[in-house]
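A.B. asks: how would this look folded up:
(one chain, ligands or ions: 1)
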Amino acid sequence: MKTRLFLTAFACTLGLGASLISAAHAQGTELKWYKGNTHTHTSNSSGGDSAPDAVARWYREHGYQFVFITDHDEYLTDVEPLNALLGRRDWFLVLPGQEIGERIRRANGEHVGLHMNALFTTETLYPETSIESAVAPALAQGALVQFNHPNYVWSVKPADLDTVPDGALIEVWNGLDGINNLGGDDGQGDVRPSAEGYWDYLLSRGKIIWGVGADDAHVFKGESATPGRAWIVVRAPELTPDAIKTAMTKGEFYASTGLVLDDIVSDANSLTVKIAESESNPPRYLTRFVGQGGEILAEVAGLNPSYRFRGNETYVRASIIDSNGRRAWTQPVFRDGRAIR
Ligand SMILES: [Zn+2]
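C.D. replies: Got it, this is the predicted structure:
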């Protein structure tokens, strides 16, 4: 039943016809959830304290099915030996990537430090001076691009992201300390939105952008270790690079800092989320359905929040928080006809 519901939601999101739905049913496509991290460093990055095999092993041993190794300093870590050591079919997969410290130049000559992940890359990428010139060589390799921690050292302003392409990912939660996920006001007129607010800024401009949670972990040893703080869960038919990439491209995943979602269902009338129940000491949940301009369209308590579309929304997404501060974010449902083509 979950598969049927999902395929309906999937088809609605993408604007696909009924023929594809029945074709998928006929093939008996079974979709599964795969937990993964899109932003991780090894000792091939400055500040990284653990060798690539130790980093991949950490994720394998902590309930993840995949991890992207995204070293910086213009270094693309080879994941093939990691998969030979730790990969196993439908069990665990190490994926390649890179974090590039772009040095974007504003029209007034100011420089902006903007960190971009290129996921699924095969060739080393180097910093560029505009988003277009940074994105082009990544997309030419078939990469997905992810824009990281927009409030890190308060470098990026929303308008700096105006040329982010459709299909890009943005970190709505980064697991490092001091990364300013929630935004803030400096008391002198400089107000920055939360990372989630940057997402709404881009969505409200008509873009197709998917929200991710990611660790950005550099330290895996000792008391200052930070892995396991934020991740995504992808719904795909199998754990292969192609299947994960296809699902991520279509936004078939949710982001989390601790909450587990059993299902996300959208049809012509509504968006409904099924939150997995905690086994003991149940917390309370609040889901905010968010639309154009970051407006909170509705707040719903409980494990099965649902929002009925009014008809004038451009997009609707669900942002969930529990009474312990753990969060999850669904991808937006587009109600204005925009779609990845
Ligand atoms: Zn990083």
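
A.B. asks: what about the helices in the stretch 101-250 of the chain?
C.D. replies: For the stretch 101-250 of the chain, the helices defined by DSSP state H, counting those that start in this stretch cover 131-140, 195-204, 241-249.

A.B. asks: pick the most deeply packed of the ones you listed.
C.D. replies: helix 195-204 (a mean of 23; mean count of other CB atoms under 10 Å). C-beta coordinates here come from the backbone N, C-alpha and C atoms, glycine included.

A.B. asks: what's that helix in contact with?
C.D. replies: 149-151, 156, 158, 161, 164, 170-174, 181-183, 193, 209, 211, 290, 292-294, 314-315, 317, 319, 329, 332 (CB atoms under 8 Å, 6 or more residues apart in numbering).

A.B. asks: let's verify residue 97: helix, strand, or coil?
C.D. replies: strand (DSSP: H, G, I helix; E, B strand; the rest coil).

A.B. asks: so of the contacts of helix 195-204, which ones are in strands?
C.D. replies: In this view, the contacts of helix 195-204 that belong to strands under DSSP state E are 170-174, 209, 211, 290, 315, 317, 319, 329.

A.B. asks: contacts only, for whichever residue of the stretch 201-341 of the chain sits closest to the ion.
C.D. replies: Residue nearest to the ion within the stretch 201-341 of the chain (CB to the ion): residue 216, separated by 4.2 Å. Residue 216 makes contacts with 39-41, 148-149, 171, 174-176, 179, 226, as judged by CB under 8 Å, 6+ apart.

A.B. asks: to residue 59, which of the helices of the stretch 101-250 of the chain lies closest?
C.D. replies: Residue 59 lies closest to helix 241-249 among the helices of the stretch 101-250 of the chain, at 14.0 Å (CB to CB).

A.B. asks: next SSE downstream of the closest one?
C.D. replies: The helix or strand immediately downstream of helix 241-249 is strand 253-256, counting by DSSP states H and E.

A.B. asks: neighbouring contacts of that following strand?
C.D. replies: Here strand 253-256 makes contact (CB under 8 Å, 6+ apart) with 172-173, 210-213, 230-235, 247, 261, 264, 326-331.

A.B. asks: the residue of the stretch 51-200 of the chain found nearest the ion: what's it in contact with?
C.D. replies: Closest residue of the stretch 51-200 of the chain to the ion, CB to the ion: residue 99 (4.6 Å). Residues in contact with residue 99 (CB under 8 Å, 6+ apart) are 39, 41, 45, 70-72, 115-117, 148.

A.B. asks: give me the pLDDT for it.
C.D. replies: Turning to residue 99, the model gives it a pLDDT of 98.

A.B. asks: and the residue of the chain positioned farthest from its centre, how far from residue 179?
C.D. replies: Within the chain, the residue lying farthest from the chain centre (CA atoms, centre = their mean) is residue 188, at 32.0 Å. According to CB to CB, to the nearest Å, residue 188 and residue 179 sit 21 Å apart.

A.B. asks: roughly how far does the closest residue to residue 120 other than its chain neighbours sit from residue 203?
C.D. replies: Leaving aside its sequence neighbours, residue 120 sits nearest to residue 143 (CB to CB, 6 or more residues apart in numbering; 5.2 Å). To residue 203, residue 143 is 22 Å away according to CB to CB.

A.B. asks: and what of residue 332?
C.D. replies: Distance, residue 332 to residue 203, using CB to CB: 6 Å.

A.B. asks: close to the ion: what parts of the stretch 1-150 of the chain are there?
C.D. replies: residue 99 (CB under 5 Å from the ion).

A.B. asks: now with 6 Å?
C.D. replies: Proximity of the stretch 1-150 of the chain to the ion, by CB under 6 Å from the ion, involves residues 39, 41, 72, 99.

A.B. asks: please report how far residue 279 lies from residue 260.
C.D. replies: Distance from residue 279 to residue 260, by CB to CB: 11 Å.

A.B. asks: settle it for me: which of these two has more neighbours?
C.D. replies: Of the pair residue 279 and residue 260, residue 260 is the one with more neighbours under other CB atoms under 10 Å, namely 16 against 6.

A.B. asks: which residues sit in contact with that one?
C.D. replies: 233, 275-276, 328.

A.B. asks: how about a cut-off of 6 Å?
C.D. replies: residue 276 (CB atoms under 6 Å, 6 or more residues apart in numbering).

A.B. asks: what does residue 213 give?
C.D. replies: Applying CB under 6 Å, 6+ apart to residue 213 gives the contacts 173, 230-231, 255-257.
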